[in-house]
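1. Need a 3D model of the sequence below.
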Amino acid sequence: AMRDYWDRVRAGDLGAMPAILGLSGLVILFTALRPETFLSERNIANLFVQALPITILAMGLVFVLLLGEIDLSAGVASGVCAAVMAKLIVDAGQPWYVAVLSAVATGIVIGAAIGWLVSVIRIPSFVVTLALFLGLQGITLWLIGQGGTVPVRDDVIVALANRNMPVWLGWVMAVVVAGGYAFVQLWRWRQQS
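-> Predicted coordinates:
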């Protein structure tokens, strides 16, 4: 396996190596600049929390890229969804679950509109998502108003954004996810037999 990997690298197929080397270089640099704080537990947890929205968007975009398409509007679409949630909580006084479900529904509508324009009308995904990139920025600005921020003080939303899950609950979630994955794989294997 190592020889095969080395042959692919020599042939020019670097795979994930540039990303891994770049990430390693950044860790070394920031550790050297702030050795007392960068690798602390609190900072590592903070980095994971800050990276979560981008990671979720990236996981969703993998499927778009696998289809050979592109989506330039994913980030601003999530911004519109967040603005809808915030406005419903702050201005309309809706409970957090109504606001979150409305934000998800907004994302589904935006995604369905993009999908319809690309697959049915046959407009190239680059054109559609670039246009919606600009249009959705305007919708976000219209929703949040001139102040530029909507202060959400709902306890559940603030806890989701700022607090850590108890360790025991993290282990329970890990066991449930691993068990669910094992169940699905075993069920598929049984269906194929």
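2. The residue nearest to Ser125 when sequence neighbours are not counted: neighbour count?
-> Nearest residue to Ser125, sequence neighbours excluded (Cβ to Cβ, 6 or more residues apart in numbering): Glu69, at 4.2 Å. In this view, the C-beta of every residue, glycine as well, is placed from N, C-alpha and C. Look at Glu69: counted by other Cβ atoms under 10 Å, it has 18 neighbours.
3. Is Glu69 in contact with Ser119, as I believe?
-> No: here Glu69 lies out of contact with Ser119, judged by Cβ atoms under 8 Å, at a distance of 9.6 Å.
4. So for stretch 76-88, what gets flagged as buried?
-> In terms of neighbour count (16 or more other Cβ atoms under 10 Å), stretch 76-88 has its buried residues at 76-88.
5. now stretch 135-149
-> Buried positions in stretch 135-149, judged by neighbour count with 16+ other Cβ under 10 Å: 136, 139-140, 143-144.
6. what residue ranges in this structure score low on pLDDT?
-> Applying pLDDT under 70 to the chain picks out no residues at all.
7. Secondary structure element holding the residue nearest the centre of it?
-> Nearest residue to the geometric centre of the chain (Cα atoms, centre = their mean): Ile56, 1.8 Å. Here Ile56 sits within helix 41-66, counting by DSSP states H and E.
8. This structure: helices as residue ranges?
-> Ranges of helices in the chain, per DSSP state H, are 2-10, 17-33, 41-66, 74-90, 96-119, 125-144, 155-162, 167-192.
9. what's the shortest one in contact with?
-> Defining contact as Cβ atoms under 8 Å, 6 or more residues apart in numbering, one finds that helix 155-162 is touched by 49, 85, 89, 96, 99-100, 152.
10. Repeat the analysis, applying 7 Å as the threshold.
-> The contact list for helix 155-162, computed with Cβ atoms under 7 Å, 6 or more residues apart in numbering, reads 89, 96.
11. now the second one
-> For helix 17-33, the external contacting residues (Cβ under 7 Å, 6+ apart) are 9, 38-39.
12. For Leu143, list the residues it contacts.
-> Applying Cβ under 7 Å, 6+ apart, we find Leu143 in contact with 83-84, 87.
13. just to revisit the earlier point, redo the buried residues of stretch 135-149 as JSON lines? Include distance to Val176.
-> Below are the buried residues of stretch 135-149 laid out as JSON lines (distance: Cβ to Cβ, whole Å):
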{"residue": "Leu136", "distance to Val176": "35"}
{"residue": "Ile139", "distance to Val176": "37"}
{"residue": "Thr140", "distance to Val176": "35"}
{"residue": "Leu143", "distance to Val176": "36"}
{"residue": "Ile144", "distance to Val176": "36"}
